[in-house]
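Participant: Show me the folded form of this:
(one chain, ligands or ions: 1)
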Amino acid sequence: MHIQVSSVSKHYGKAHILKEISCSIPAGQITGLLGPNGSGKSTLMRMVLGLGTPDSGSILYDGVRYSDLPNPGAAVGSLLDAAARHPGRNVRDSFSLAAGMLGISNSRRDEVIEQMGLESVAKRRFKSLSLGMRQRVGLGIAILGRPRCLILDEPVNGLDIEAISWLRGLLTGFAQDGGSVLVSSHLLQELQSYAHRVVIIDRGSVATESTLSDLSNPDSQVSVEADEPEKLAKLLLAHGFAVSDHAVPGWLKVQASNRQVAQIAMEHRILITSLGSQQEHQLEEAYLRLTQGEYSVHRTEVL
Ligand SMILES: Nc1ncnc2c1ncn2[C@@H]1O[C@H](COP(=O)(O)OP(=O)(O)OP(=O)(O)O)[C@@H](O)[C@H]1O
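Facilitator: This next block holds a predicted model:
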């Protein structure tokens, strides 16, 4: 399902939290939601999930409001706050409760408990679980109803490396099957490893909405190795991109994004054998520039 957010504004008292936010969460893609603390990410996610009403604007799922979707709780899986579960209820019962509300069978419940690696803690009370295990419970409940959209607020919080890798696989597969994913994160490089595109919000407004490659490489330099470098160089020059010689024979340096180079090569059936840039750092720089450097990146948190 395509989720379209159009001119959404929200006040809490006199505070203007969301200011005319417009963005898309397309089917088949993972959209990352980035922004400094307090920029409005969680508020936006809550509005997307029908947990609050915008003062103005609309949020539509394939043209339909969340509340008008048939069985919205099953169609849209969510994880907002991993700690928000009954502390005394055990894991299996937490799943049973969610399954009951969504009309889902016990066999599906047990399948998800197994898929999430929660069998060994199924009888443990929620309050005794580690943060990572709580996140797994929340994620499992989010996918219980075989949703077509996933809205996840900081799902990586507390997950260990193995679980992060598993989550990355889950989200990538979900999007490949046509699902829409909106995932917020503070971990830029984590998001970069699986998101297709990002929406960056800053103080309640959209600072940018972009594919990751366009964001990190708006007009930066990439190194290209191709089987017909001279022909590719001429074509790139004809498209207005600066091309210079590379220290390595057969390679070119081009002032363009990876996507722009790849597209021109593909259109002219030139095989690219290597294409690279300093994308991680450029994404981080772009993010800090767009949010005016208010957010400090904790490199030690980055995997
Ligand atoms: N129910 C509420 N009542 C009043 N103010 C609120 C409420 N919920 C959020 N806010 C305020 O709205 C602003 C945006 O909060 P929000 O939680 O959406 O930001 P965020 O980008 O998710 O932040 P973080 O990254 O720290 O989780 C903050 O200033 C917050 O204090």
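Participant: what's in contact with stretch 133-141?
Facilitator: 77, 79, 81-83, 85, 91, 94-95, 98, 112-113, 115-118, 121, 126, 129, 152, 155-159, 163, 167, 170 (CB atoms under 8 Å, 6 or more residues apart in numbering). All C-beta atoms are positioned from the backbone trio N, CA, C, and that covers glycine.
Participant: Of these, keep whichever come out buried.
Facilitator: 77, 79, 82, 85, 91, 94-95, 98, 112-113, 116, 118, 121, 126, 129, 152, 155-159, 163, 167, 170 (16 or more other CB atoms under 10 Å).
Participant: returning to what we had before: among the contacts of stretch 133-141, which are located in helices?
Facilitator: Mapping those onto helices (DSSP state H) picks out V91, S94, F95, A98, V112, I113, Q115, A163, L167, L170.
Participant: Identify the farthest-apart pair in those.
Facilitator: Largest separation among the ones in helices among the contacts of stretch 133-141 by CB to CB: A98 and A163, giving 19.9 Å.
Participant: residues in the protein within reach of the ligand, list them.
Facilitator: Within the chain, the positions near the ligand by CB under 6 Å from any ligand atom are Y12, I17, G35, N37, G38, S39, G40, K41, S42, T43.
Participant: Could you identify the most distant pair in those?
Facilitator: Checking those with CB to CB, the most distant pair is Y12 and G35, at 16.7 Å.
Participant: of those two, who's got more company?
Facilitator: Counted by other CB atoms under 10 Å, Y12 and G35 do not tie: G35 has more neighbours, with 27 against 10.
Participant: could you dump the strand or helix carrying G100 to CSV, C-alpha only?
Facilitator: Element membership of G100 [criterion: DSSP states H and E] is helix 91-102. Output in CSV follows, covering the C-alpha atoms of helix 91-102 (Å, rounded to 0.1, in the frame of the first residue of the first chain):
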residue,chain,number,x,y,z
VAL,A,91,5.3,-13.7,26.2
ARG,A,92,2.9,-16.4,24.8
ASP,A,93,-0.1,-14.7,26.5
SER,A,94,1.0,-11.3,25.1
PHE,A,95,1.0,-12.8,21.6
SER,A,96,-2.3,-14.6,22.3
LEU,A,97,-4.0,-11.4,23.3
ALA,A,98,-2.8,-9.6,20.1
ALA,A,99,-3.8,-12.6,18.0
GLY,A,100,-7.2,-12.7,19.6
MET,A,101,-7.8,-9.0,18.9
LEU,A,102,-6.8,-9.5,15.2
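Participant: what does it rub up against?
Facilitator: 71, 73-74, 85-86, 89, 104-106, 108-109, 112-113, 118, 121-124, 126, 129, 137, 140-141, 144-145.
Participant: Just give me how far it sits from the chain centre.
Facilitator: The chain centroid and the centroid of helix 91-102 are separated by 26 Å, computed with CA atoms, centre = their mean, to the nearest Å.
Participant: and it, what's its mean pLDDT?
Facilitator: Averaged across helix 91-102, the pLDDT comes to 92.
Participant: Nearest residue to the middle of this structure?
Facilitator: Central residue of the chain (CA atoms, centre = their mean): G32, 2.8 Å from the mean position.
Participant: ok so that one is a strand residue?
Facilitator: Yes. G32: assigned to a strand according to DSSP: H, G, I helix; E, B strand; the rest coil.
Participant: got any ranges where the protein has weak pLDDT?
Facilitator: For the chain, the stretches with pLDDT under 70 are 82-83, 187, 216-220, 247, 277-285, 292-303.
Participant: Do a quick rundown of the strands in the stretch 101-250 of the chain.
Facilitator: Ranges of strands in the stretch 101-250 of the chain, per DSSP state E, counting those that start in this stretch, are 149-153, 180-184, 197-202, 205-211, 221-226, 243-245.
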